[in-house]
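Asks: Test case, fold it:
(chains A and B, ligands or ions: 2)
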There are 2 protein chains.
Amino acid sequence: MTQTYRITLLPGDGIGPEIMAVAVEVLEVVAKQEGLNFEFTTALIGGAAIEATGEPLPAETLDACRQSDGVLLAAIGGYQWDNLPRHLRPETGLLGLRAGLGLFANLRPAAILPQLIDASTLKREVVEGVDIMVVRELTGGVYFGEPKGIFTTETGEKRGVNTMAYTESEIDRIAKVGFETAQKRTKKLCSVDKANVLEVSQLWRDRVTAMANDYPDVELTHMYVDNAAMQLVRAPKQFDTIVTSNLFGDILSDAAAMLTGSIGMLPSASLGATGLGVFEPVHGSAPDIAGQDKANPLAQVLSTAMLLRYGLHQPHAADRIESAVLKVLDLGYRTGDIMSADMTAVGCREMGRVLIEALAGS
Amino acid sequence: MTQTYRITLLPGDGIGPEIMAVAVEVLEVVAKQEGLNFEFTTALIGGAAIEATGEPLPAETLDACRQSDGVLLAAIGGYQWDNLPRHLRPETGLLGLRAGLGLFANLRPAAILPQLIDASTLKREVVEGVDIMVVRELTGGVYFGEPKGIFTTETGEKRGVNTMAYTESEIDRIAKVGFETAQKRTKKLCSVDKANVLEVSQLWRDRVTAMANDYPDVELTHMYVDNAAMQLVRAPKQFDTIVTSNLFGDILSDAAAMLTGSIGMLPSASLGATGLGVFEPVHGSAPDIAGQDKANPLAQVLSTAMLLRYGLHQPHAADRIESAVLKVLDLGYRTGDIMSADMTAVGCREMGRVLIEALAGS
Ligand SMILES: [Mg+2]
Ligand SMILES: [Mg+2]
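Replies: Numbers count the residues shown, from 1 in each chain, chains lettered A, B, ... in the order given. Ligands and ions are numbered 1, 2, ... in the order given. Predicted coordinates:
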């Protein structure tokens, strides 16, 4: 009997539809090879949803995601929606999706691919072999804490307020993902906080430290967020798994991503307690190159591999996709964002075609 | 008549006293050359103050600073004080000093010195010519916002809380420093926030945008903090002056500092409305090498130059010191943290000696 998975596709805005098309083609080829069956439902999110329905996350989209086995998201946002009220912005749709599905853990790999090491702005000896996984808390902290808003003080001036807060249970569940992720890797976990100044970080550090007793095989260290930003530049190989809060993870996962030289290559996974996850590239919607067949679809394709590995527990299918990506890079195919001398420049669709070829030969 | 300046010296902890000793020698030589007179008062802060008085910022220290024309601080903190209650930690003394003197603007230069460009982990072509000034808000934001603390929720679990808040007037005064700093440099100002998610950042962006009308000669751009962390790694030359909030500035100024390859070289200035400022190296107290004559005193010495330039308005004296630092680097003298092949390794005291020689020859 063929295993059937319901996958919700959220192409979103900008280059989203182009790269999603490549990812779906890849999934269909792998499905045949692995004897899997995918039922795809496409739904609206972000600016595309605003245009069609007036809101960035229509209820039908959230329902479709909830009824599926995995969600593949491309990218959201664009200049034309930047000046809308906050509750109508594309980003609000993404935050709502994460909250609505209870996705509290964001896994952000930042690994140097040997074929692309020269794309890094860092020296080869500094980044060779870098393989970092940032586990970012995704539904708490200052992006969600209440109270928030712009208030008027007693003296009549405006005061912008957000609340950086974590409860013990919020810290515990993300710390658990951190420890378990580290266990699957090199068993080194670095918890990043600002416990020397922030009370919320002190609670974070206390809880993570307490949980270390349950994972005696994991080597736990702590680092302040400003130092972590420095150490990622100074000596990134010291890190394996990093676990941190929402805002700090937003900043550090992006800094770690840039060590690789192209965020156009990086996937991510957002996971909840139920096993349902959203898989998406790290890069944005790149409205400046949308519709021009210039986008790099590889992060979207690698997100598909993460969907298979972490969401659907089909590691063999994930391996096939990751091998195909390495193969097209070995063959010298490059989109503009990762182009270098003596390589073959291709557009988004052509990259998809050679990927399918590479898959067929696997 | 000789101009007399009262300078409060805060050597602090770890390597602080060693590097402060070099800075004072340098100041005394420059004083003779420039016909200035310094009256030095040494006061306690940080762990040294905790040991002597039980608190990290004794009232006498704050009084001494208030009665002076400039404060030269070395470094604070050490492992032995990390587990004290928060109000007794060395860092609390530093935060109290900033608050007590009303120092709301932290200027953090991150410039590549040609003699040390190979110390950067980034490729030469990426960092050559990098010259960034981060203007960080220092007494507001999430490090100070109320309410803060660890509270118990209705369900009986602990909740750590800090408040990220800015009023219009707090934003305006730091934005003004940002625009005026940019005017003295290349007239490019990048304001960093997270306005796509945070209300406090939206107010920040609105106020900075409004103030741009008063500075038509300054080119203002806005960037999200996670993107700024990436762009510092990807293409740091795009930045000249950055203005940002307390936490974001803490992280970004450190990341920018590390682009240079050694934070052991970088000074900083913290300024208030009155003109009184605190000048200190960016690096910490390095307790692991304290008392071993291994510390690099150059950031402390360059902090002295910033004291002369921004605090005492003695640019000629500041120029002398900065020239002497470049000269000893040209002569090949290096402490361990900036050592490279074919250079002459020296300790902290010897670096001080060659600096005095270089000054004498100027
Ligand atoms: Mg981000
Ligand atoms: Mg810092």
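Asks: how about A:Asn196, phi and psi?
Replies: With angles defined as degrees, to the nearest 10, A:Asn196 sits at phi -80, psi -10.
Asks: B:Ala48 versus that one, what's the distance?
Replies: When distance is defined by C-beta to C-beta, to the nearest Å, A:Asn196 is 17 Å away from B:Ala48. (Each C-beta comes from the backbone N, C-alpha and C, glycine too.)
Asks: Quick check on these two: which one has the bigger neighbour count.
Replies: B:Ala48 (24 against 19; other C-beta atoms under 10 Å in any protein chain shown).
Asks: B:Met20 is in contact with that one, correct?
Replies: No - the pair B:Ala48 / B:Met20 is not scored as a contact, 11.5 Å apart, by C-beta atoms under 8 Å.
Asks: between those two, what contacts are shared?
Replies: B:Pro11 (C-beta atoms under 8 Å, 6 or more residues apart in numbering or on different chains).
Asks: Now do the SS call for A:His316.
Replies: helix (DSSP: H, G, I helix; E, B strand; the rest coil).
Asks: any idea how far A:Ala305 is from it?
Replies: 11 Å.
Asks: Name the residue in those two with the higher neighbour count.
Replies: Counted by other C-beta under 10 Å, A:His316 and A:Ala305 do not tie: A:Ala305 has more neighbours, with 26 against 11.
Asks: what's near enough to touch the more buried one?
Replies: A:Ala305 is in contact with A:267, A:317-319, A:321-322, A:325, counting by C-beta under 8 Å, 6+ apart.
Asks: mind checking pLDDT for the spatially most central residue of chain A?
Replies: Per C-alpha atoms, centre = their mean, the C-alpha nearest to the average position across chain A is that of A:Ser268, at 2.7 Å. A:Ser268 carries a pLDDT score of 96 in this model.
Asks: Tell me if I'm right that it and A:Ala105 touch.
Replies: No - assessed by C-beta under 8 Å, A:Ser268 is found out of contact with A:Ala105, at 10.7 Å.
Asks: Just give the number of residues close to the closest residue to ligand 2 within the stretch 51-200 of chain A.
Replies: Residue nearest to ligand 2 within the stretch 51-200 of chain A: A:Lys194 (9.2 Å; C-beta to the ion). Other residues lying near A:Lys194 total 27 when counted by other C-beta under 10 Å.
Asks: Tell me which residues touch the residue lying closest to it once chain neighbours are set aside, please.
Replies: Nearest residue to A:Lys194, sequence neighbours excluded (C-beta to C-beta, 6 or more residues apart in numbering or on different chains): A:Ser201, at 4.6 Å. Residues near A:Ser201 by C-beta under 8 Å, 6+ apart: A:193-195, A:245, B:160.
Asks: Quick check: the gap between A:Ser201 and A:Val208.
Replies: Taken as C-beta to C-beta, the span from A:Ser201 to A:Val208 is 10 Å.
Asks: and what of A:Ile45?
Replies: Remark: distance between A:Ile45 and A:Val208 (C-beta to C-beta) = 33 Å.
Asks: So these two - more neighbours on which side?
Replies: Ranked by neighbour count (other C-beta under 10 Å), A:Ile45 and A:Val208 place A:Ile45 first, with 29 against 25.
Asks: was I right about that one contacting A:Gly93?
Replies: Yes - here A:Ile45 reaches A:Gly93: they are 5.0 Å apart, a contact under C-beta under 8 Å.
Asks: what touches both of those two?
Replies: A:56-57, A:76.
Asks: near chain B too, which of those?
Replies: Among those, no residue sits close to chain B (C-beta under 8 Å from any C-beta of the partner chain).
Asks: Closest one to ligand 1 out of those, please.
Replies: Closest to ligand 1, out of all of the shared contacts of A:Ile45 and A:Gly93 and judged by C-beta to the ion, is A:Ile76, at 12.7 Å.
Asks: Leaving out the residues flanking it, which one is nearest to the closest one?
Replies: A:Gly46 (3.0 Å).
Asks: residues near that neighbour, how many?
Replies: 31.
Asks: Next up, the contacts around it.
Replies: A:Gly46 neighbours (C-beta under 8 Å, 6+ apart): A:12-13, A:16, A:56, A:75-77, A:81, A:90, A:93-94, A:285.
Asks: For A:Asn83, see how far away it is.
Replies: Taken as C-beta to C-beta, the span from A:Gly46 to A:Asn83 is 15 Å.
Asks: How about the secondary structure of A:Val134?
Replies: Note that with three-state DSSP, the state of A:Val134 is strand.
Asks: Quick one, grab the pLDDT at the residue nearest to A:Ile76.
Replies: Reported pLDDT for A:Gly46: 96.
Asks: for A:Asp82, same thing?
Replies: With respect to pLDDT, A:Asp82 has a value of 85.
Asks: what's the burial count for the closest residue to it other than its chain neighbours?
Replies: Closest residue in space to A:Asp82, ignoring its immediate chain neighbours: A:Arg89 at 7.4 Å, by C-beta to C-beta, 6+ apart. By other C-beta under 10 Å, 22 other residues sit near A:Arg89.
Asks: before we move on, what about A:Val354?
Replies: Neighbours of A:Val354 using other C-beta under 10 Å come to 17.
Asks: now swap in A:Glu55 and tell me
Replies: A:Glu55 has 16 neighbours, counted by other C-beta under 10 Å.
Asks: so it touches A:Arg89, yeah?
Replies: No - A:Glu55 lies out of contact with A:Arg89 (C-beta under 8 Å); the separation is 10.5 Å.
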